[in-house]
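> Using only what follows, build the 3D model:
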Amino acid sequence: MKYSVLSYNISGYEIIHPIKEKSENAEYIMVTDDRSLTSDDWQMVYVDNPHPEDPFRLVFEIRYNPFKYVHTDIVMKIDGSMEITGDIDRIVDRFIEGGYDCAVMAHPTRMNMYDEYMAWVRFRGYPKRQAERALTFMNVEGYDVKKNTGLYQYNWMIQRNNKMNDSWNTMTMGILKYLAPEGKFVDRLDQTIGSYVLNKYFEYASVMPVTQRIATSGKYFVWHPHKSTSIYRDSNDFCKPFLMGKQVVPFSDF
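Alright, predicted model coming up:
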């Protein structure tokens, strides 16, 4: 095997989507706390959920410890809302040939932390006080939440099993625990924290950027709303992709 695909379905948050094109170069691992779930396409890994009142704790324990569950040194992490529809070997081959540490998906409409938190407050019911707490934390650490650019979506990512990624994952999880609201184990919004950590502490990393079209074009994936078979359609309303403060030309083999 050359690489692994890791997905997760905790507390019934998703339905299992079939894999329309499987590769002999990959293993496909689905981690779940529901032992009644089975799949002809995914290798199911069953785990206990000691804190069902805060399912994101277990989601993040999986997401930020991916090599605990896979058997290769390259892992493509995808949300359970994403369905594999094409030859993703092409993406991984590009990743390997470039010698990258990781691959991230640039946000299509926002590029800084402030705008992302405000969008979550306005459209997704994220508590404003929690947003202000996270933004204050970043500002105190010397990170300008409006001027610094580079925001990455966490429904898709590739990581290599190395010290850089281990440190990135560990730091992100630590901050999510530190910022956990009262009665929770972690802060639910992790893509802002993960983006902040990558931008601030890992400028030396070799990062392969992609756009959201990798998830929505249908050539490699389609992206569903959570626990649904309907499909998000691609949008032309994209902002310029930034990686660690610099405008980039992302992987665009669509």
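> Which phi and psi values does N155 adopt?
Backbone torsions for N155, taken as degrees, to the nearest 10, come to phi -80, psi -10.
> Please name the nearest non-neighbouring residue to the most centrally placed residue in the chain.
For the chain, the residue nearest the mean C-alpha position is Y154 (2.1 Å; CA atoms, centre = their mean). Once flanking residues are discounted, Y154 sits nearest to Q191: 4.0 Å by CB to CB, 6 or more residues apart in numbering. In short, each C-beta sits where N, CA and C put it, glycine included.
> swap in F137?
Excluding the flanking residues, the one nearest F137 by CB to CB, 6+ apart is L179, at 6.5 Å.
> wouldn't the one you found be in contact with I193 here?
Yes - using CB atoms under 8 Å, L179 is in contact with I193, at 7.3 Å.
> Neighbour count: those two, which is higher?
I193 (24 against 18; other CB atoms under 10 Å).
> mind checking the SS state of that one?
Per DSSP: H, G, I helix; E, B strand; the rest coil, the secondary structure class of I193 is helix.
> likewise the one 3 residues further on?
In the three-state summary, Y196 is assigned as helix, counting by three-state DSSP.
> who touches it in this structure?
113, 138, 143 (CB atoms under 8 Å, 6 or more residues apart in numbering).
> any chance of the residues you listed in a markdown table, plus distance to P52?
Output for those, formatted as a markdown table (distance: CB to CB, whole Å):
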| residue | distance to P52 |
| --- | --- |
| M113 | 30 |
| M138 | 30 |
| Y143 | 34 |
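> between those, which has the most around it?
Neighbour tally across the contacts of Y196 (other CB under 10 Å): the maximum, 27 neighbours, falls on M113.
> The residue nearest to Y154: neighbour count?
Around Q191 there are 20 other residues, counting by other CB under 10 Å.
> for the residue lying closest to Y204 once chain neighbours are set aside, helix, strand, or coil?
Counting by CB to CB, 6+ apart, Y204 lies nearest to M164, which is 7.9 Å off, once chain neighbours are set aside. Assigned with three-state DSSP, M164 falls in the helix class.
> Thanks again, I'm all set now.
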